[in-house]
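# give me coordinates for this.
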Amino acid sequence: MALDIIAIITPNGGKADRVVELLQQVSEHVKANEPGTLRYEITRSMNKKAGAEEIIMLESYKDKAALDAHGSSKEFAAFQKKLKEEQLVGAPMQLKITKAAGGFASRL
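This is a model prediction of the structure:
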């Protein structure tokens, strides 16, 4: 059963472009090396209430093993290290594991 994840990253002011740049590097690795990762989409949103831009990752994994492989990869660890070293985020990443409750996934 596929696992769908929403990861919300809140960059510090003026750091969103750098976070997206680092995520794009991770994305390239994921696409080339993680066949169990079915979706790894980087999106941006303005949180008007907080007055801050957010990076919202839309991710789907074939199964828990694929999610674990991604979470334990050297590339993901390096990404997390750079977030801290470069002081790119002001809050911990929020992770939400979602489960379909109705509607439909796509018309594509």
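# pull out the buried positions in the longest helix along the chain.
The single longest helix within the chain, with elements called by DSSP state H, is helix 16-33. Neighbour counts using 16 or more other CB atoms under 10 Å place 16, 19, 20, 22, 23, 26, 27, 29, 30 of helix 16-33 among the buried residues. To be clear about C-beta, it is placed using only N, CA and C from the backbone, and glycine gets the same treatment.
# the last one against residue 37, yeah?
So that's residue 30. Yes: with contact defined as CB atoms under 8 Å, residue 30 reaches residue 37; the gap is 5.0 Å.
# where do the contact lists of the two overlap?
Counting by CB atoms under 8 Å, 6 or more residues apart in numbering, the common neighbours of residue 30 and residue 37 are residue 70.
# out of the buried residues of helix 16-33, the closest to residue 50 would be?
residue 16 (13.2 Å; CB to CB).
# checking the most centrally placed residue in the chain next. Helix, strand or coil?
Centroid-nearest residue in the chain, with CA atoms, centre = their mean: residue 57, separated by 3.5 Å. Classification of residue 57 using DSSP: H, G, I helix; E, B strand; the rest coil returns strand.
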